[in-house]
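J.: Predicted model, plus sequence, below.
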Amino acid sequence: MPINLYIFLALALFSIGVIGVLTRRNAIIIFMCIELMLNAVNLLLVAFSKMHLADSMAAGAAPTLTNGIDAQLFVFFIMVVAAAEVTVGLAIIVMMYRNIHSVDVNFLNRLKN
Amino acid sequence: MNNIIDYVWLVPLFPLVGFLLNGLLRNYLSKSLSGIIGSGVILASFVVSILLFMQVKGGSTGVVTLFNFIEFGKTSIPFAFQVDQLSSLFLLIITGIGFLIHLYSTAYMHEESAPHFARYFAYLNLFVFSMLLLVLGSNYVIMFIGWEGVGLCSYLLIGYWFKNIEFTGAAKKAFVMNRIGDAGFLLAVFYLLSKLGTVGYADVFSKVDQLSGQDLTIITLLLFVGATGKSAQIPLYTWLPDAMAGPTPVSALIHAATMVTAGIYMIARSNILYTLAPVTQTAVAVIGIATALLAASIALKQNDIKKVLAYSTVSQLGYMFLALGVGAYTGAVFHVMTHAFFKALLFLGAGSVIHAMHHEQDIRNMGGLKKYMPTTHITFLIACFAIAGIIPFSGFFSKDEILAAAFANNPVYYVLGAIGALMTAFYMFRLYSMTFQGSFRGTHEQEHHLHESPAAMTIPLVILAIFSFAGGLVGIPEVLMQGGHQLNEFLAPVFAESTRRMTPHPIDHTKELILMFGLMAVILVIIIFAWKKFSGYQKTDAEETGLGKVLQNKWYVDELYEAVITKPVNAFGKGLEKLDRFGIDWVVNGVGRSVQYASRQFRLLQSGQVGSYILLMVLGMILLFVLQVFLKK
């Protein structure tokens, strides 16, 4: 599959994420949109990793296991960090619901001015 | 103890210990104890000084290095003491007269409370310590430490009665005037360091040929600026008369016998530099003679017993500078010595009078005191003869030596110097007659309390009187006695290099005798005239007119300085203060105000809307992305 299809897909996912974050007020939806953006990036990383491996094979380089593997390592890191972030974020949202009985971020304006 | 010179550090150590004891324990010491400590340490120093002097007289001199004081680059400045003919002579003067004055002070200052009494002796001990550092140092830096130390002590002691605003003002004036001179001294030291890389006397004097004529002139002139401050010469002399605000023994010790001769010591010490800088020598001689005449003329019309003596001191210091300027270094040191005797005696005598008169200092209210205080009277008279220059009193020999050297160098100096000597005789005997002769002009109450001072005060007077009388016999001129000038022989090694490089101006012996005794005859006439004129002095309310008024007002020099220097400087300072308040302060406060204003405006951006924050964040990221793409090319 050509690389540009992956790029389009990633771009679409990322844009949906951004727009979701900007327009929605429900904290859980915003959270999901952030996950969407993260995974768009993950997708790109994996796609480019694959592309580079293919390119170096085509150029006649000796096939090695490590070629292009670093990008995939990043993906794992991002997944781990995202998982950690989700636990913290969901905990915050639970606390928020307990305090103001809503998950609407626009209620959180007590630090105004 | 085979060589006493190795123990020279004992000399300044004793006064330092005395200072620490009296200074730290002043609240616990009784008056008699602090008096004993204060005088005892000086006596101990004096004993060591005598031993040192004997050793030096036997022909051994030396430099004793205690530790390395400053080290940088290739230069090292040791903390070292130099024991030679010049410094050992000064040691004797400082500790000897210093001890007598300490002894005198125990009686003079007896009215003070114990802590203040101890404070007085602490300052006095500190002064002696600094003065000893000044003369003992083997390089200009140590000398400078002492130089500053004596200035500080002078300030502290002038302002000893600090509750009197006028006195503290006089102290400040002395300090500031001295600082002006000190700046010159310091610059000279830096100049020496930059040119020769050393400030030790021995090194500097052996490398003196490496200095160009211009360097020598600049260094010697700068050093001389320092000397004019410390030794009260034109234009920095005005502090010395005001310094009479301090206790009288202080005036005797600091402002007559020792500190004010520091400038003469310094120039005598650097004699080679001065010998090689004829321009400076002329400047020194001219300023010396001008100061001698100016101060003597002011002294003619002063009515404060201490002010007359103060101007007299300035005038006599002028003579010493004249001697230095014409290359008569021995003559200058000789006059320092005899002057220390008779001027200390005069001040202590004046102190005795003031003590008896209950702090009355105006000689118009005195008169006839010889009846009440015979010892003070006789010793004061001896000092007057000594300062006037009557043979065989000590002042005759030293003044004659200076005047003879001046004549050999330039007869104009001699004529001016002789006029000054006549004025000296006149004002001294005016002072003497108005104080001791005639009838008492003070109040009845004062007359009732008149008494001779206690033994602690009269003993120093008597001892000093003996020296004022006989002190000149160490320097009898060749004309009067072959080999009579022992001081000259003693000091010869110090001035040897200068003597070698100077062209001698021999003076005809007959001429010298005529000048010597001719001048003395005129002085005697003046003395008789002044004695007669002022013995029958009566108080008048008539104001002085013409020149008399000018002299009484000290040539209006203080007013001149006030108008030419103090006021413009104050106005300049006021201007700068305005610039500070309305210029610099405005800018500084403006920065603060603008930050406050800006933060008030930026605060509104914090809306609390999470959405808007995120929007701004995304916009920022997009902006960075765009910049990255477009600016990378």
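T.: Thanks, I have the structure now. Residues are numbered from 1 along each chain as shown, chains lettered A, B, ... in the order given.
J.: So which residue is smack in the middle of chain A?
T.: With distances taken as Cα atoms, centre = their mean, A:Leu38 lies nearest the centre of chain A, 0.5 Å away.
J.: Likewise for chain B?
T.: Mean-position check on chain B, Cα atoms, centre = their mean. Result B:Val260 at 2.2 Å.
J.: Contact partners for the residue in chain A that chain B sits nearest to?
T.: Using Cβ to the nearest Cβ, A:Asn109 is the residue of chain A that sits closest to chain B, at 2.8 Å. The way it works is simple: take the backbone N, C-alpha and C, and place the C-beta from them, glycine included. A:Asn109 makes contacts with B:607-609, as judged by Cβ atoms under 8 Å, 6 or more residues apart in numbering or on different chains.
J.: Among those residues, which ones are in strands?
T.: Applying DSSP state E to the contacts of A:Asn109, no entry is found in strands.
J.: Would you reformat these as TSV and include neighbour count?
T.: As requested, these are exported to TSV (neighbours: other Cβ atoms under 10 Å in any protein chain shown):
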residue	neighbour count
B:Ser607	13
B:Gly608	14
B:Gln609	15
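J.: Please save the CA atoms from the helix or strand hosting B:Ile298 in CSV.
T.: Applying DSSP states H and E as the criterion places B:Ile298 in helix B:278-299. Output in CSV follows, covering the C-alpha atoms of helix B:278-299 (Å, rounded to 0.1, in the frame of the first residue of the first chain):
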residue,chain,number,x,y,z
PRO,B,278,64.3,69.8,40.9
VAL,B,279,60.9,71.0,39.8
THR,B,280,59.2,69.4,42.8
GLN,B,281,62.0,70.7,45.1
THR,B,282,61.2,74.3,44.0
ALA,B,283,57.5,73.6,44.5
VAL,B,284,58.1,72.3,48.0
ALA,B,285,60.3,75.2,49.0
VAL,B,286,57.9,77.8,47.6
ILE,B,287,54.8,76.2,49.2
GLY,B,288,56.8,75.8,52.5
ILE,B,289,57.9,79.4,52.7
ALA,B,290,54.5,80.7,51.5
THR,B,291,52.8,78.7,54.2
ALA,B,292,55.3,79.8,56.8
LEU,B,293,54.6,83.5,56.0
LEU,B,294,50.8,83.2,55.7
ALA,B,295,50.3,81.2,58.9
ALA,B,296,52.7,83.5,60.8
SER,B,297,50.8,86.6,59.7
ILE,B,298,47.5,85.0,60.8
ALA,B,299,49.0,84.1,64.1
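J.: what about it, average pLDDT?
T.: Summarised as a single mean, pLDDT over helix B:278-299 is 93.
J.: interface residues of chain B facing chain A?
T.: B:603-604, B:606-611, B:614-615, B:618 (Cβ under 8 Å from any Cβ of the partner chain).
J.: let's see 10 Å
T.: For chain B, the residues in contact with chain A (Cβ under 10 Å from any Cβ of the partner chain) are B:603-615, B:617-619, B:621-622.
J.: Are any of those buried, and if so which?
T.: B:610-611, B:614 (16 or more other Cβ atoms under 10 Å in any protein chain shown).
J.: Who are the contact partners of residue 80?
T.: As the question left the chain open, I've gone with chain A. With contacts taken as Cβ atoms under 10 Å, 6 or more residues apart in numbering or on different chains, A:Val80 has no neighbouring residues.
J.: wait, chain B
T.: Here B:Ala80 is in contact with B:8, B:62-69, B:136-139, B:142, B:200-202 (Cβ under 10 Å, 6+ apart).
J.: change it to 6 Å
T.: Neighbour list for B:Ala80: B:63, B:65, B:138 [criterion: Cβ atoms under 6 Å, 6 or more residues apart in numbering or on different chains].
J.: now swap in B:Val63 and tell me
T.: Contacts for B:Val63 (Cβ under 6 Å, 6+ apart) come out as B:80, B:82, B:138.
J.: circling back: need the contacts of A:Asn109 in CSV with pLDDT, can you?
T.: As requested, the contacts of A:Asn109 are exported to CSV (pLDDT from 0 to 100):
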residue, pLDDT
B:Ser607, 79
B:Gly608, 77
B:Gln609, 78
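J.: Of those, which is the nearest to chain A?
T.: B:Gly608 (2.8 Å).
J.: Can you add pLDDT and give the buried ones among the residues of chain B next to chain A back as TSV?
T.: Listed next are these as TSV, based on pLDDT from 0 to 100:
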residue	pLDDT
B:Val610	78
B:Gly611	79
B:Ile614	83
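J.: Show me what secondary structure element comes after the helix or strand where B:Val47 lies.
T.: Per DSSP H and E, B:Val47 falls inside helix B:31-57. Per DSSP H and E, the first helix or strand lying C-terminal to helix B:31-57 is strand B:62-72.
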